[in-house]
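# no sequence on this one, just coordinates:
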Ligand SMILES: [Fe+2]
């Protein structure tokens with residue numbers, strides 16, 4: 001049981017959708033690895049990837065918001081910041097203590113809940129604003 005990109009997740013902004021697709025693909029890779037009993041090995045790769053990619057992705061989204069004077073900017077940015085700090089904590093924790101099953105489960109849970117919820121609600125709202133023609 002993996003996770004696939006679906007059109008309903010599109011926020012209507014190509015550059016953002018492309019980055020979301022990449023995030024989901026990486027997440028799917030973790031789920032597949034878990035099914036094969038290789039979750040812990042894949043988690044290490046995923047956390048290092050996320051730490052970099054998510055920061056770039058969030059910066060891109062935030063730059064668009066600033067450019068278009070998006071009224072929800074502060075709130076949106078705060079959600080990004082809390083996600084980034086949780087990923088960083090997880091990476092530090094797993095570097096220090098080694099990766100155990102609960103880290104894999106926590107990451108799965110967080111990605112599933114946070115990422116999908118953020119894309120389908122917060123980013124979709126942003127996409128609608130960006131496409132609305134509001135300056
Ligand atoms: Fe976002």
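Yep, that arrived. Just so it is clear, the model here is predicted, and its values are computed rather than measured.

# do you know the pLDDT at the most centrally placed residue in the chain?
Within the chain, one residue has its C-alpha closest to the average C-alpha position: by Cα atoms, centre = their mean, that is residue 115, at 4.8 Å. For residue 115, the model assigns a pLDDT of 89.

# now do the one 4 residues further on
The pLDDT attached to residue 119 in the predicted structure is 95.

# also residue 1?
For residue 1, the model assigns a pLDDT of 62.

# again with residue 90
In the prediction, the pLDDT value recorded for residue 90 is 93.

# about what we covered before: residue 27 is in contact with the residue nearest to the centre of the chain, correct?
Yes. Taking Cβ atoms under 8 Å as the definition, residue 115 is a contact partner of residue 27 at 6.9 Å. (C-beta placed from N, C-alpha, C; glycine too.)

# please see if stretch 123-135 touches the ion.
Yes. Stretch 123-135 reaches the ion (Cβ under 5 Å from the ion) through residue 123.
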